[in-house]
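Participant: after the sequence you'll find the predicted model.
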Amino acid sequence: MKPLLRVNNLSVSYALKKSMFASSESSTVFAVQDVSFTINTGEVVGLVGESGCGKSSLARSIMRLIEPSCGEIVLDDLALQKLSGNALRKVRHKFQMVFQDPYASLDPRMNSGDALAEAFALHKPTAGTPNATQVVSMLKRVGLGAEIAYKYPHELSGGMRQRVAIARALAPQPMLLIADEPVSALDVSVRAQILNLLGALRTEFNYAMLFISHDITVVNHIADRVIVMYAGSIVEAGLRDEVLKSPAHPYSRALIAAVPDPYAPFSLNRKPLPFEPPSLSCRAKACSFHTRCPFVLDMCKESVPKLQPFGTHDHVVACFRVGEI
Amino acid sequence: MTQSSRKPPTHVQSVIKRFLENRLALVGLIVLTILVIGSLGAHLFSPYSYSAQDLGYGARGPTLKHLFGTDPLGRDLFTRVLFGGRVSILVGVAATLVALCIGVTYGAFSGFLGGWVDRLLMRVVDILYAFPFTIFVIILMVLFGRNIVLLFCAIGAVEWLTMARIVRSQVMGIKKLEYIEAAITMGQSTPTIIIRHIVPNVLGPVIVYATLTIPSVMLLEAFLSFLGLGVQPPMSSWGLLIKEGADALEEYPWMLIFPGCFLSAALFSLNVVGDGLRDALDSTSVKE
Amino acid sequence: MLSVDNATISFATAQGQIHAVQDVSFVVQNGETVGIVGESGCGKSVLCLSLLGLLPMPPARQEAGEALFNGTDLYALTQAQLRDVRGNQIGMIFQDPMTALNPYMRIGDQVIEPLLVHKKATRAQAYEKAHNLLSDIGIADVASVMKRYPHELSGGMRQRVMIAMTVLPHPSLLIADEPTTALDVTVQDNIIMLLSGLQKNYAMSMIFVTHDLGVVARIATRVLVMYAGQIVESAPVAKLFASPAHPYTKALLDAMPSLHKRAAILNALGGMPPDLKENMTGCSFAPRCAYVKRECRLASPLLLPVSEQHSTRCFRVQDGSIAGAL
């Protein structure tokens, strides 16, 4: 099957702002380094990693909100990274985004109805001005009543705002939905409602989804396939159960062990990961995890491990010692 | 329609409601309205002309015939204060509009484009800031003669600098917010994003700053008139009247008191209205 | 050591009175860790702040209740008396170490400040104690860390410094308000282990406030579940997860995605928490409860024991009619 989204060797870098008086040469931060993956039609891919691992930069570069420094993004045979200006605007309805902070992603001066009408108007130019029924039926599909159309964001709860944001993203009937931590800012019971909603709407709108979260339990709930990122690179990827039930990369293991799960046995005597944050400021000549890895060898400090197949079903791992540990 | 009566208040309605709930701002608005109506309709409220002299009458204190008294040339002070208000308010509003047009365009442009364009535009502002205002106006007046339109432009040309900086910083803050990114990912075009999403969100601070600019412009005009660079007699403005009053303070104190009161009342009410607007426009300050 | 009885706190707002904490009673034993779990707005932070007299009054108002800490009622103390308790006998750790630390003060100077304030040591002694504690909790290169400013440290590092600063004067009670919420899981894991280790070494009692049931399972010995300003269930941690005795606790557990149980649809709790401005008649959870009966809407249940050390604020569990169903 041909994948819906193909990302090849994508890198995103930021030049650190050079102060006028700083004598040092300008430094570059690689937020995303040489990342490749695919998403099939209708599939949900979960992307996990801790803050600063580059997952948001990856999402935003696919959305073309920031410019990738190199690499290829192919959505439905369209090379997105080559498009710009009007050509890009014309295809934007194919891929939409749900943002993390429902307090910042809605225009405070625009009520929900107008926000949805704007999304409809952009992609149904032939149908004329979007009518109220279209807006109301969209609100209904995300579980909101018609009266919400007149409400401004500050009059809505966090969960309701996130529903409006989801409705706005789905209005143009996208093939790909990128959800960047869509439930992180929500309370447990509201989080469950939004997760259920994203799952239920999937059958109706048939979108593929890149679901980004730092919370593995949420990803375990919603994703078909899981990608684990660390310090800008993918360290492990594969089917959900393979990656989360039998993680092969030392980082994936540490991450999963650290998840506080009331139903999982745990010991307070086990040794947690040391928490030096990984440095992104240079393209390292070593495995990015070697500073925290309990299984580190000399070779890990000298060369970068490549993603290699491990087991079955496209399970890939970037670790030299994958077989032994 | 029965539906519309139950419709929740729109943003503008709730802003108006919040503004009217602020007593001080409401008083300011009423005082301001009286001053504006009195000045613009000066010829309706006063039986005299602002330049008509009653030489035999001379300088007299307030009487029933001349409510605010007369100046040494026998001109009715009440009339002159009303007509002076017309000039002051006109200068204030016109110069603020000039500042608003230049400042908002310049600031929005600079803030949204960012990068080297932004840096260049802001350095220009910095340089203009450093330019001594008084000398600038004196040069203008000397070169082109004293002229009220020129006065508007001169003051406006100075006041827009701060406006541009305010708009720029607001735009830079807003353009990073997720709802602007959401509009981009929807495929909205840049001009539409600026008009639909950025301008309405910048409008609050801009309106507030504009109401606070008017009094500062009126003060500037008073200052220039005080120096003799502003309005030419026999036309008057509050600033000019205050200058004349200050010169004659010992003999004819009413000549300073009345225009002084009017200017203070106008400045006070504009400031209060500006503050009230700022609070009313901040919808997040009151959660329902 | 701490015994809170019938604490009731309200806030006066323009829209009316908000009953933030209602009739909360619990005890903390020596050396025990009590977890307080609840969603945002359930009153758990207000409760903690009230114990240290940190609520702004007004708008906050102490309606009733007492909090006996080693025999003295914290709610009856003056601000001057509280200052002696704060930091010295009761330490508090906040959610965001970035805002809780003074950005213009070097780490070392900040960490020793509580010791100096409470005159427990001279500057040199305090510095040495701080140095020892920081290296004990696994901070490498302590001397250089102590010379740095808060913004030069990572989030996890800042939280460690914050914890060291709080623990240094040997408080007998530690109140931690969502101390790991802003952190990554691996760092959170670290901090949880650090806190439970310190708690044992220093023989402190701890109140650990969180919205995350998983975190509470790892650190607490006993758990209080709060909903709409009230404690709805109180149980030892193992019992709470094995046999929850309140429909709200059950709903929270069901709404949590897990790595070990996977359902196609999460059992999401519908509706919203009640408006705390209104005077409730009946059980506060009744409008959202799956097991609601007529009596639940008429009278408010009390927190009563259903088994040893296990109490619930639910009529239907108390009378045994749904005990097995949860």
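Facilitator: Alright, I've got the coordinates. Residues are numbered from 1 along each chain as shown, chains lettered A, B, ... in the order given.

Participant: which pLDDT value belongs to residue 130?
Facilitator: Here I'm looking at chain A. Residue A:130 is assigned a pLDDT of 59 by the prediction.

Participant: the intended chain is chain C.
Facilitator: Among the per-residue scores, residue C:130 holds a pLDDT of 86.

Participant: list the helices and strands the strand or helix carrying it packs on?
Facilitator: Taking DSSP states H and E as the definition, residue C:130 sits inside helix C:123-136. Helix C:123-136 sits against helix C:107-117, helix C:142-147, helix C:155-167, with contacts defined as 3 or more Cβ pairs under 8 Å, 6 or more residues apart in numbering or on different chains; DSSP states H and E. In this view, the C-beta of every residue, glycine as well, is placed from N, C-alpha and C.

Participant: tell me which residues are up against the first one.
Facilitator: Contacts with helix C:107-117, where a contact means Cβ atoms under 8 Å, 6 or more residues apart in numbering or on different chains, come from C:87-88, C:91, C:101-102, C:121, C:123, C:125-127, C:129-130, C:134, C:145-150, C:153, C:161, C:164-166, C:168-169.

Participant: buried subset of the residues you listed as a PyMOL selection?
Facilitator: Selection of the buried residues among those in PyMOL, burial being defined by 16 or more other Cβ atoms under 10 Å in any protein chain shown:
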select buried, chain C and resi 87+88+91+101+121+126+127+129+130+134+145+146+150+153+161+164+165+166+168+169
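
Participant: before we move on, what SS does residue 7 have?
Facilitator: In the absence of a named chain, chain A is used. Applying DSSP: H, G, I helix; E, B strand; the rest coil to residue A:7 yields a three-state assignment of strand.

Participant: let's do chain C instead
Facilitator: Classification of residue C:7 using three-state DSSP returns strand.

Participant: could you say which helix or strand contains the residue nearest to it when sequence neighbours are not counted?
Facilitator: Once its chain neighbours are removed from consideration, residue C:7 has its nearest residue in residue C:65; the separation is 3.6 Å (Cβ to Cβ, 6 or more residues apart in numbering or on different chains). Applying DSSP H and E as the criterion places residue C:65 in strand C:60-69.

Participant: separation between residue A:100 and residue A:162?
Facilitator: Remark: distance between residue A:100 and residue A:162 (Cβ to Cβ, to the nearest Å) = 9 Å.

Participant: tell me which of the two has more neighbours.
Facilitator: For residue A:100 versus residue A:162, the count of surrounding residues by other Cβ atoms under 10 Å in any protein chain shown is larger for residue A:162: 31 against 20.

Participant: the more buried one contacts residue A:98, correct?
Facilitator: Yes. In this structure, residue A:162 is within contact of residue A:98 by Cβ atoms under 8 Å, at 7.5 Å.

Participant: dump the helices and strands packed on helix C:123-136 to JSON lines, plus distance to residue B:34 and mean pLDDT.
Facilitator: As requested, the helices and strands packed on helix C:123-136 are arranged in JSON lines below (distance: least, Cβ to Cβ, whole Å; pLDDT from 0 to 100):
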{"stretch": "helix C:107-117", "distance to residue B:34": "57", "mean pLDDT": "84"}
{"stretch": "helix C:142-147", "distance to residue B:34": "64", "mean pLDDT": "85"}
{"stretch": "helix C:155-167", "distance to residue B:34": "57", "mean pLDDT": "85"}
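
Participant: which one of these is the most hemmed in?
Facilitator: With neighbours defined by mean count of other Cβ atoms under 10 Å in any protein chain shown, none of those is more surrounded on average than helix C:155-167, at a mean of 23.

Participant: that helix and chain A in contact?
Facilitator: Yes. For a cut-off given as Cβ under 8 Å from any Cβ of the partner chain, helix C:155-167 has contacts with chain A, namely C:156, C:157.

Participant: name the helices or strands packed onto that helix?
Facilitator: On a contact count with 3+ Cβ pairs under 8 Å, 6+ apart, helix C:155-167 meets strand C:90-93, helix C:97-100, helix C:107-117, helix C:123-136, helix C:185-201.

Participant: so the residue nearest to residue C:7 is in contact with residue C:74, correct?
Facilitator: No. The criterion here is Cβ under 8 Å, and residue C:65 misses it with residue C:74 at 10.1 Å.

Participant: who has more neighbours, the two?
Facilitator: Taking neighbours as other Cβ under 10 Å, residue C:65 and residue C:74 compare with residue C:74 leading, 22 against 19.

Participant: look up the closest residue to that one, ignoring the ones flanking it.
Facilitator: Sequence neighbours aside, residue C:67 is the residue nearest to residue C:74 in space, at 4.2 Å (criterion: Cβ to Cβ, 6+ apart).

Participant: name whatever forms a beta bridge with the one you found.
Facilitator: Using DSSP bridges, the beta-bridge partners of residue C:67 come out as residue C:4.

Participant: distance check, the residue of chain C most remote from its centre against residue C:130.
Facilitator: In chain C, the greatest distance from the average C-alpha position (Cα atoms, centre = their mean) is reached by residue C:124, at 33.8 Å. In this structure, residue C:124 and residue C:130 are 11 Å apart, going by Cβ to Cβ.

Participant: sorry, back to before: joint contacts of residue A:162 and residue A:98?
Facilitator: Here residue A:162 and residue A:98 share the contacting residues residue A:182, scored by Cβ under 8 Å, 6+ apart.

Participant: tell me which parts of the stretch 51-200 of chain A are close to chain B?
Facilitator: Counting by Cβ under 8 Å from any Cβ, the residues of the stretch 51-200 of chain A near chain B are A:60, A:63, A:65, A:88-93, A:95-97, A:99-101, A:104-111, A:118-119, A:122-123, A:147, A:150-152, A:154-155, A:165, A:168-169, A:172.

Participant: swap in 7 Å and give it another go.
Facilitator: If contacts are counted using Cβ under 7 Å from any Cβ of the partner chain, the residues of the stretch 51-200 of chain A sitting beside chain B are A:63, A:65, A:89, A:92-93, A:96-97, A:99, A:101, A:104-109, A:119, A:122, A:150-152, A:154-155.

Participant: show me where pLDDT drops low in the chain?
Facilitator: Looking at chain A here, since you left the chain open. Residues of chain A that meet the criterion pLDDT under 70 lie in A:1, A:16-27, A:124-130, A:264-270, A:275-284, A:325.

Participant: try again with chain C
Facilitator: Using pLDDT under 70 as the threshold, the predicted model of chain C has low-confidence ranges C:323-326.

Participant: so what touches stretch C:230-246?
Facilitator: Identification of contacts with stretch C:230-246 by Cβ atoms under 7 Å, 6 or more residues apart in numbering or on different chains yields A:262, C:22-24, C:26, C:216-217, C:220-226, C:248-250, C:253, C:284-285, C:303, C:306, C:309-314, C:317, C:326.

Participant: quick one: whatever residue of the stretch 51-200 of chain C ends up closest to chain B and residue C:17, what's the gap?
Facilitator: Closest approach between the stretch 51-200 of chain C and chain B, counting by Cβ to the nearest Cβ: residue C:59, at 13.9 Å. Using Cβ to Cβ, one obtains 9 Å as the distance from residue C:59 to residue C:17.

Participant: then residue B:153?
Facilitator: Distance from residue B:153 to residue C:17, counting by Cβ to Cβ: 57 Å.

Participant: geometric centre of chain B: which residue is closest?
Facilitator: Of all residues in chain B, the one closest to the mean position by Cα atoms, centre = their mean is residue B:214, 1.4 Å from it.

Participant: and that one, what element?
Facilitator: When secondary structure is defined by DSSP H and E, residue B:214 falls within helix B:199-227.
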